[in-house]
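Colleague: Give me a model of this one.
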Amino acid sequence: MKVVIVGGVAVGATAAARIRRLDEQAEIIVFERTGYISYANCGLPYYIGDVITDPEDLTLQTPESFFTRFWVRMKTRHEVIAIHSERKTVSVKNLENGEIFEESYDKLILSPGAKPAQPRLPGVEIDKLFTLRTVEDTLRIKNYIQKYKPKSAVLAGGGFIGLELAENLRELGMDVTIVQRPKQLMKPFDADMAALIHNEMRKHGVKLALGYTVEGFEESGDGVDVLLKDHAPLHADMVVLAIGVVPDTVLAKEAGLELGLKGSIVVNDRMETSVPDIYAGGDAVQVKHYVTGEDTLISLAGPANKQGRIIADNICGGNSQYSGSQGSCVIKIFDMTAAATGINETHAKEFGLDVDTVILSPMSHAGYYPGGKVMTVKVVFEKETYRLLGAQIVGYDGVDKRIDVLATAIHAGMMATELKDLDLAYAPPYSSAKDPVNMAGFMIDNIANGTLKQWHLADESQIRGNGSVTLLDTRTVGEYSRGHIEGFRNIPVDELRKRLDEIEEGKPVYVICQSGLRSYIACRILEGNGFEAYNFSGGFRFYDAVINDRALIERAYSCGMDK
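Modeller: Numbers count the residues shown, from 1 in each chain. Predicted structure coming up:
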């Protein structure tokens with residue numbers, strides 16, 4: 001059996017190695033158009049920022065080491081330019097000398113990946129404009145910084161690459177601005193959770209131009225002007241386009257393969273394309289979302305590596321299926337960690353699901369053990385069924401651990417109420433006896449059995465405009481004096497039983513505290529004394545962060561740049 005693989009990074013390298021482990025006799029050839037194979041895409045921004053100092057650390061294998069171990073021919077600087085499925089060959093161009101030749105195959109694997117989205121805007125050809133996808137892109141940016149020592153950069157796009165690059169350029173001492181049309185960074189997160197990410201970026205000096213539309217680029221002096229719709233241009237010494245990626249599927253289209261979303265390659269659960277003996281995986285393929293079942297594009301390394309293994313299994317006579325992508329992700333944002341899995345509240349509602357959420361702010365480990373830090377957890381679930389749909393966590397220590405537990409629970413098909421039953425490891429330096437994941441489960445279970453009724457930030461305008469309700473803040477007098485929501489009266493929770501006569505009977509009571517715990521206790525006191533009480537999901541700390549972020553974004557848009 002002869003297997004030809006187009007692309008030698010995640011899917012290609014994984015499939016090649018797995019095929020060899022399953023079939024010692026197979027002939028395997030990988031064509032990679034760049035000069036590098038099996039490189040760490042996710043590490044590229046950290047090389048630019050000198051966190052990774054040796055460029056060889058970015059390449060997990062070389063063509064020579066791959067051949068020595070697996071007897072796989074890795075042909076770098078070779079680009080497959082055509083597929084001839086009727087005769088089972090591909091046309092290949094040697095990018096070193098221009099030679100074009102044909103290579104036959106019994107099985108063909110396509111893993112061309114995705115390419116940076118290149119908007120059709122004036123000025124995109126300016127040499128101070130960069131994209132970041134390959135090792136060569138990384139070296140180009142790195143060399144430019146070392147040679148010209150730019151003092152400022154504008155990053156167009158607020159996804160993973162944009163944020164990671166912003167952090168690394170700031171660590172080099174550069175003035176950094178992120179500009180994009182959506183009014184929030186990081187699409188996997190709801191806007192309220194993204195507010196916490198925005199705060200961390202601002203804290204470290206990154207300027208945010210959210211809600212701005214880029215209309216083009218012009219050279220100006222020694223730098224570049226980023227032209228904005230209805231606003232003055234942003235000037236910088238360099239610009240990086242990080243506005244997302246699109247499937248790189250010109251080859252597949254010309255070969256007549258069935259295409260899906262944004263020109264992606266349609267595959268079945270065995271990663272087979274519409275043409276016999278041609279498989280595809282990675283960022284170039286359309287997948288099923290594990291939670292919703294809808295067709296989607298998810299460009300992440302974990303799914304790509306799994307798909308490479310599945311393809312290899314099936315080529316070698318197995319029957320492996322890809323169950324879909326869940327979108328589990330994590331990102332370092334200076335001192336902070338942000339992670340998500342499944343679908344967020346926004347996506348769930350767009351998909352037509354009737355959902356609810358809980359928002360809590362637990363400590364990363366036992367409060368009495370030094371060094372604990374607060375994290376903010378948001379869990380999304382379906383109202384009627386309590387099916388667990390997704391989660392987002394923003395914090396410092398322990399975020400990655402909890403998101404992985406929640407990702408596993410979603411994959412296992414657990415109900416959100418069952419999170420309370422998980423038997424998770426505990427010791428004071430690592431967690432609490434009631435782990436944050438358990439705490440989310442307790443809250444959802446309370447909702448299910450009627451012990452907890454909530455109100456959310458989206459309900460605020462309706463509640464505050466309703467004269468037939470009571471608004472109650474149960475924090476201490478000192479906390480209340482340092483900031484509160486207009487219209488909320490202050491009765492500390494520990495005084496509430498003695499002051500129940502100050503609360504008008506017959507009116508629903510909407511309660512808030514700093515994190516949601518004391519206000520929940522207050523709700524139980526009120527309910528036990530005949531009142532109808534609703535607890536604010538997230539607490540005043542969360543409310544304040546989201547409201548302040550919204551104000552900063554609107555002020556920046558109407559008056560000028562984010563400060």
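
Colleague: And for the helix or strand where residue 312 lies, what's in contact with it?
Modeller: When elements are defined using DSSP states H and E, residue 312 is found to belong to helix 301-315. Residues outside helix 301-315 that contact it (Cβ atoms under 8 Å, 6 or more residues apart in numbering): 1, 3, 10-16, 18-19, 22, 41-42, 107, 109, 111, 270-272, 279, 281-283, 285, 287, 319-322, 325, 328. The way it works is simple: take the backbone N, C-alpha and C, and place the C-beta from them, glycine included.

Colleague: Inside strands: which ones of the residues you listed?
Modeller: Among those, DSSP state E puts 3, 107, 109, 279, 285, 287 in strands.

Colleague: before we move on, the earlier item: quick one: buried residues of the helix holding residue 312?
Modeller: Going by neighbour count (16 or more other Cβ atoms under 10 Å), the buried part of helix 301-315 is 301, 303-315.

Colleague: Ok, stretch 415-426 next?
Modeller: Residues 415-420, 424 are the ones in stretch 415-426 that count as buried (16+ other Cβ under 10 Å).

Colleague: now residue 388: how far from residue 357?
Modeller: To residue 357, residue 388 is 11 Å away according to Cβ to Cβ, to the nearest Å.

Colleague: Likewise for residue 223?
Modeller: Residue 223 is 44 Å from residue 357, where distance means Cβ to Cβ.

Colleague: before we move on, what about residue 444?
Modeller: Using Cβ to Cβ, one gets 9 Å for the distance from residue 444 to residue 357.

Colleague: swap in residue 400?
Modeller: 21 Å.

Colleague: More neighbours: which of the two?
Modeller: Neighbour tally, residue 400 and residue 357, criterion other Cβ atoms under 10 Å: the higher count belongs to residue 357, 24 against 14.

Colleague: My guess is that one contacts residue 380. True?
Modeller: Yes. The pair formed by residue 357 and residue 380 meets the contact definition of Cβ atoms under 8 Å, at 5.2 Å.

Colleague: How far off centre is the very next helix or strand once past the helix holding residue 312?
Modeller: Following the chain from helix 301-315 toward its C-terminal end, the next helix or strand by DSSP H and E is strand 329-333. Taking the mean C-alpha point of strand 329-333 and that of its whole chain, the gap between them comes to 7 Å (Cα atoms, centre = their mean, to the nearest Å).

Colleague: Could you list every helix and strand that strand 329-333 packs against?
Modeller: Contacting strand 329-333 under the criterion 3 or more Cβ pairs under 8 Å, 6 or more residues apart in numbering; DSSP states H and E are the following elements: helix 160-171, helix 191-203, strand 336-342, helix 399-411.

Colleague: what comes up buried for the second one?
Modeller: Taking 16+ other Cβ under 10 Å as the basis for neighbour counts, the residues of helix 191-203 that come out buried are 191-201.

Colleague: Just the closest of those to residue 48, please.
Modeller: Relative to residue 48, the closest of these is residue 201; by Cβ to Cβ it sits at 17.5 Å.

Colleague: what's the weakest-modelled helix or strand in this structure?
Modeller: In the chain, the helix or strand scored least confidently by mean pLDDT, DSSP states H and E is strand 114-116, which has a mean of 84.

Colleague: and that one, what does it pack onto?
Modeller: Here strand 114-116 touches strand 245-247, going by 3+ Cβ pairs under 8 Å, 6+ apart.

Colleague: List of residues touching the strand it packs on?
Modeller: Applying Cβ under 8 Å, 6+ apart, the contact partners of strand 245-247 are 112, 114-117, 133, 262-265, 283-285, 297, 299.

Colleague: Residue 190 versus the nearest residue to residue 191 once chain neighbours are set aside, what's the distance?
Modeller: If you skip the residues right next to it in sequence, residue 191 has residue 184 as its closest partner in space, 4.8 Å away by Cβ to Cβ, 6 or more residues apart in numbering. When distances are taken as Cβ to Cβ, residue 184 and residue 190 turn out to be 8 Å apart.

Colleague: How about the secondary structure of the residue of the chain most remote from its centre?
Modeller: Seen from the C-alpha centroid of the chain, the residue lying at the greatest distance (Cα atoms, centre = their mean) is residue 501, 48.6 Å away. Secondary structure assignment for residue 501 (DSSP: H, G, I helix; E, B strand; the rest coil): helix.

Colleague: do the one 10 residues further on as well
Modeller: Classification of residue 511 using three-state DSSP returns strand.

Colleague: residue contacts, it?
Modeller: Listed by Cβ under 8 Å, 6+ apart, the contact set of residue 511 reads 472-474, 519, 522-523, 526, 533-536.

Colleague: In helices, which of these appear?
Modeller: With DSSP state H as the criterion, helices contain 519, 522-523, 526 from among the contacts of residue 511.

Colleague: Of these, which count as buried by neighbour count?
Modeller: By neighbour count, with 16+ other Cβ under 10 Å, these hold 519, 522-523, 526 as buried.

Colleague: Would you format those as a markdown table with distance to residue 166 and pLDDT included?
Modeller: Listed next are these as a markdown table, based on distance: Cβ to Cβ, whole Å; pLDDT from 0 to 100:
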| residue | distance to residue 166 | pLDDT |
| --- | --- | --- |
| 519 | 36 | 97 |
| 522 | 41 | 98 |
| 523 | 41 | 98 |
| 526 | 45 | 98 |
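
Colleague: Identify the residue spatially nearest to residue 513, adjacent ones excluded.
Modeller: Counting by Cβ to Cβ, 6+ apart, residue 513 lies nearest to residue 519, which is 3.8 Å off, once chain neighbours are set aside.

Colleague: about what we covered before: let me see the confidence value for the residue nearest to residue 191.
Modeller: On the pLDDT scale, residue 184 is placed at 96.

Colleague: With residue 563 instead?
Modeller: Model confidence at residue 563, given as pLDDT, is 49.

Colleague: ditto for residue 461
Modeller: Per-residue confidence at residue 461 stands at 88 (pLDDT).

Colleague: any residues touching the helix or strand encompassing it, and which ones?
Modeller: When elements are defined using DSSP H and E, residue 461 is found to belong to helix 460-464. By Cβ under 8 Å, 6+ apart, the residues outside helix 460-464 that reach it are 455, 469, 471, 485-487, 510.

Colleague: what do you get for stretch 138-157?
Modeller: Surrounding stretch 138-157, the residues in contact under the criterion Cβ under 8 Å, 6+ apart are 44, 47-48, 55, 58, 128, 130, 132, 162, 165-166, 169, 172-180, 214, 223-224, 226, 234-244.

Colleague: Just to be sure, which of the residues you listed are found in strands?
Modeller: Counting by DSSP E, the members of the contacts of stretch 138-157 that fall within strands are 130, 175-180, 214, 223-224, 226, 234-236, 238-241.

Colleague: Please spell out the ChimeraX selection for the buried subset of those residues.
Modeller: Selecting in ChimeraX just the buried members of those, where the criterion is 16+ other Cβ under 10 Å, is done with this command:
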select :130,175,176,177,178,179,180,214,223,224,226,234,235,236,238,239,240,241
